[in-house]
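Novice: here you go, sequence then predicted model.
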Amino acid sequence: MEIFKKFGLILILVLEIIAFLKCIKKPKKTSKENLIENEKEDFENKKEDLENKNLSIFELIEISIQPNGELPEDFKLPPKDPNGVPWADGALDGVCIYHLVENEEDIEPLKNIVFQISEGKFEEAQNNLENLDFFMISRRDSLLNWIIQEQKQINIDNLCEFTISQLSTSKNIEVIKFCLCVLEIIKLETEKDTIEKVKILALSDEFTLYCLNILKNLKNSNEEIFEIAKKVKGWGRIYSIKYLKVTNDEIKEWILEEGCHNYIIPAYTAYTCAKKINLVEILNEDKISSKKFNDISYLMNALLDEEAITGISNLEDRELLIERYLEKAKTLASAEEDYYAIITLKEYIKNNKEINNELIKICDEILNSEKTRNIVKELLKEGYGYNIAKYLGIDIDKYILEYLQDNPLKNPYIVFNISERENMEKLVSLIEKKLTLEKLEGVPTDKFYSKNEKNKEYIFLDTIIKKLGNFGRTEGKFVVSVYPVDPTASMDEPENYIGIGENLIICALNSPYVDIRYNAVNTLESWKEKGYILSNEIIENIKKLEKLEVDEELKIKLNELLK
């Protein structure tokens, strides 16, 4: 238990933002608390449903199911601890499975509760379960082994009745997980209603893993697991891929096309997907369509992303895989994903001496071809491929300016790719015309803005403010930011943008959102450190904001700026 509490904040960074957040200056304690407050507000309606309308977690999931059989993309269970770290559904268990050394915790309280259930003391057992502060993921194996050993002393009928009942009535996440774990070792083949409840709970990434352990015992287990895998997109999909068996071409094709597509990190399932579908065998096929090759490239990129988990390095036939892939790439490479894979493979081969470095020549042959340069230039016109172009030495500034001129606000993250000061001035001038600055101002609050289509003007403002301060630096193919970004975003060594975009800075200082105001102040701090003298207009706006600011830490930073 203490492990989870101690490492909660660290691990959420490892898991939820591993490819995105490394070195941006951002609010510290005060704003972290504000972020948690915002998360709490997001859950307010669901909490009201649970408490005032007396809905159980099962009922909340059931009424949220869309016509396509899936939960909404933004569906989240009410947090176990509203004042704690705002984990994504399924993430805490994922951290335990993928990033912590297995450490079975004390199950004595759960043993006592099992005996209470066995004796028919359901109400007492329920109260004790709900008041017990525990995580089922670290107790599952020990508890199930103990129940199996003590089964002669336990009334299984009572245990079954209690756990099935709690599935649909409990409002406690860990209680439901406890019940699902117990039901793993009870034959449910004929319990059709219970199986249906399990399948509904499985749609929530928080419960998918536990439900899979029940569904795998059914006669048609693989069919059921496949249906679940198609309907979950977060941690649930990651867990489902491990359980899914390739029993036909439909499943094999689906794993290639969708197995690595999840809302977390594709790398978590890359190795499993490559092994299950025998990726080398697929690359040996005589005819591969461009679409299929693009799916293969997506999987290759996921395999090569070994930041969170080892991928391609664990494959016994990795050199053969690389050879086969590059051989096909000579004729089939035509999309952004393909060229990313070739570039990343080239760097991977360079860093792994045991792999034949002659393969680097094939990478260069593909990347330096006239065909590749022409395709990449076309990608640039569509707002993609900036990292590839920079890798190939293509000047991309003009393409960015042309793209944003014709597609204002469509892809804000490409501003990170601007390199020349002169072009940044042109970009700022363009953005000032495209943004309705006065509409982006408001009374300062402690809220963080939501990164969605509705707030695209805020995203653009925030993005360019960070660029002007040379924040949002990159690692590999990603811009480091507090939210997911377009994978084409990139940034080289900091250019001097001091003094550019004062109108945008002033707009950001007057934003109702605390994260945007922080970024404006961070940029001004960065400029000031390099000798920038605040203009009278900026000083005036800082003084005005200082009087209204609701974030105490930011108020201190504003005061420091004026010294």
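Specialist: Structure received. Numbers count the residues shown, from 1 in each chain.

Novice: how's this protein carved up into domains?
Specialist: 43-245, 252-368, 406-561 (automatic domain parsing).

Novice: okay if I get the ones you listed as a markdown table plus mean neighbour count?
Specialist: C-beta: built from backbone N, CA, C; applies to glycine. Output for these, formatted as a markdown table (neighbours: other Cβ atoms under 10 Å):
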| stretch | mean neighbour count |
| --- | --- |
| domain 43-245 | 18 |
| domain 252-368 | 18 |
| domain 406-561 | 18 |
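
Novice: Leu367: what's it in contact with?
Specialist: 339, 342-343, 346, 391-392 (Cβ atoms under 8 Å, 6 or more residues apart in numbering).

Novice: return the distance of it relative to Ala329.
Specialist: Distance check for Leu367 against Ala329: by Cβ to Cβ, to the nearest Å, it reads 10 Å.

Novice: hmm, Ile459 is touching Leu440, no?
Specialist: No - under the criterion of Cβ atoms under 8 Å, Ile459 makes no contact with Leu440, lying 10.8 Å away.

Novice: in this structure, which ranges drop under the pLDDT threshold?
Specialist: 1-53, 101-104, 472-495 (pLDDT under 70).

Novice: in which helix or strand does Val521 reside?
Specialist: When elements are assigned from DSSP states H and E, Val521 belongs to helix 514-529.

Novice: please save the CA atoms from that helix in PDB.
Specialist: The C-alpha trace of helix 514-529 is given here as PDB (Å, rounded to 0.1, in the frame of the first residue of the first chain):
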ATOM      1  CA  VAL A 514      -3.600  29.400 -14.900                       C
ATOM      2  CA  ASP A 515      -1.400  27.200 -17.100                       C
ATOM      3  CA  ILE A 516      -1.400  29.700 -19.900                       C
ATOM      4  CA  ARG A 517      -0.500  32.500 -17.500                       C
ATOM      5  CA  TYR A 518       2.300  30.400 -16.100                       C
ATOM      6  CA  ASN A 519       3.700  29.900 -19.600                       C
ATOM      7  CA  ALA A 520       3.600  33.600 -20.300                       C
ATOM      8  CA  VAL A 521       5.500  34.300 -17.100                       C
ATOM      9  CA  ASN A 522       8.000  31.500 -17.800                       C
ATOM     10  CA  THR A 523       8.700  33.000 -21.200                       C
ATOM     11  CA  LEU A 524       9.200  36.500 -19.800                       C
ATOM     12  CA  GLU A 525      11.500  35.100 -17.100                       C
ATOM     13  CA  SER A 526      13.500  33.400 -19.900                       C
ATOM     14  CA  TRP A 527      13.700  36.600 -21.800                       C
ATOM     15  CA  LYS A 528      14.700  38.700 -18.800                       C
ATOM     16  CA  GLU A 529      17.500  36.200 -17.900                       C
END
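
Novice: need the contact partners of it.
Specialist: Residues from elsewhere that reach helix 514-529 (Cβ under 8 Å, 6+ apart): 25-27, 31, 34, 444-449, 458, 461-462, 465-466, 468-471, 482, 498-499, 505, 508-509, 511, 532, 534, 538, 542, 545, 549-551, 554, 557-558, 560-561.

Novice: do the same with stretch 428-441
Specialist: With contacts defined as Cβ under 8 Å, 6+ apart, stretch 428-441 is touched by 401, 404-405, 408-409, 457-458, 460-461, 464, 468, 500-501, 503-504, 507, 510-512.

Novice: distance between the ends of it?
Specialist: 18 Å (Cα to Cα, to the nearest Å).

Novice: same check, this time on stretch 127-139
Specialist: 19 Å.

Novice: which two from the contacts of Leu367 end up farthest apart in space?
Specialist: Lys346 and Leu392 (11.9 Å; Cβ to Cβ).

Novice: still on that earlier bit, tell me which of the contacts of stretch 428-441 fall in helices.
Specialist: 401, 404-405, 457-458, 460-461, 464, 468, 503-504, 507 (DSSP state H).

Novice: what kind of secondary structure is Lys252 in?
Specialist: helix (DSSP: H, G, I helix; E, B strand; the rest coil).

Novice: could I get the contacting residues of it?
Specialist: Applying Cβ under 8 Å, 6+ apart, the residues near Lys252 are 246, 276-277.

Novice: ditto for Lys275
Specialist: Contacts here follow Cβ under 8 Å, 6+ apart; on that basis Lys275 touches Leu315.

Novice: at 10 Å instead, please
Specialist: For Lys275, the contacting residues are 246, 314-316, by Cβ atoms under 10 Å, 6 or more residues apart in numbering.

Novice: got those as TSV, with distance to Leu100 columns?
Specialist: Below are the contacts of Lys275 laid out as TSV (distance: Cβ to Cβ, whole Å):
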residue	distance to Leu100
Val246	29
Asn314	19
Leu315	25
Glu316	27
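
Novice: so how far is Leu345 from the closest residue to Lys350 other than its chain neighbours?
Specialist: Of all residues not flanking Lys350 in the chain, Ile360 sits nearest, at 6.7 Å (Cβ to Cβ, 6 or more residues apart in numbering). As for Ile360, its distance to Leu345 is 9 Å (criterion: Cβ to Cβ).

Novice: could you do Ile264 as well?
Specialist: From Ile264 to Leu345 the distance is 23 Å (Cβ to Cβ).

Novice: spatially nearest residue to Lys467 (excluding sequence neighbours)?
Specialist: Nearest residue to Lys467, sequence neighbours excluded (Cβ to Cβ, 6+ apart): Val415, at 5.2 Å.

Novice: just want the most central residue of this structure.
Specialist: For the chain, the residue nearest the mean C-alpha position is Ile264 (3.4 Å; Cα atoms, centre = their mean).

Novice: let me see the contact set for that residue.
Specialist: Contact analysis of Ile264 by Cβ under 10 Å, 6+ apart lists 15-16, 18, 88, 90-91, 94, 205, 233-238, 308.

Novice: how about Glu161, secondary structure?
Specialist: What three-state DSSP gives for Glu161 is helix.

Novice: surely it and Ala125 touch.
Specialist: No - between Glu161 and Ala125 there is no contact under Cβ atoms under 10 Å: 11.4 Å.

Novice: Arg324 sits in which helix or strand?
Specialist: helix 318-332.

Novice: would you double-check that Asn217 falls in a strand?
Specialist: No - looking at Asn217 with three-state DSSP, it is coil, so not inside a strand.

Novice: related to what we said a few turns ago, of the contacts of Lys252, which belong to strands?
Specialist: Under the assignment DSSP state E, the contacts of Lys252 contribute nothing to strands.

Novice: for those, give me TSV that also has distance to Gly120.
Specialist: Converted to TSV, those look like this (distance: Cβ to Cβ, whole Å):
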residue	distance to Gly120
Val246	45
Lys276	45
Ile277	50
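
Novice: which of those residues lies closest to Ser419?
Specialist: Checking those against Ser419 by Cβ to Cβ gives Ile277 as the nearest, at 40.5 Å.

Novice: ok, that closest one to Leu215 distance?
Specialist: From Ile277 to Leu215 the distance is 22 Å (Cβ to Cβ).

Novice: can you give me the strands in this protein?
Specialist: Using DSSP E, strands in the chain cover 474-475, 478-479.
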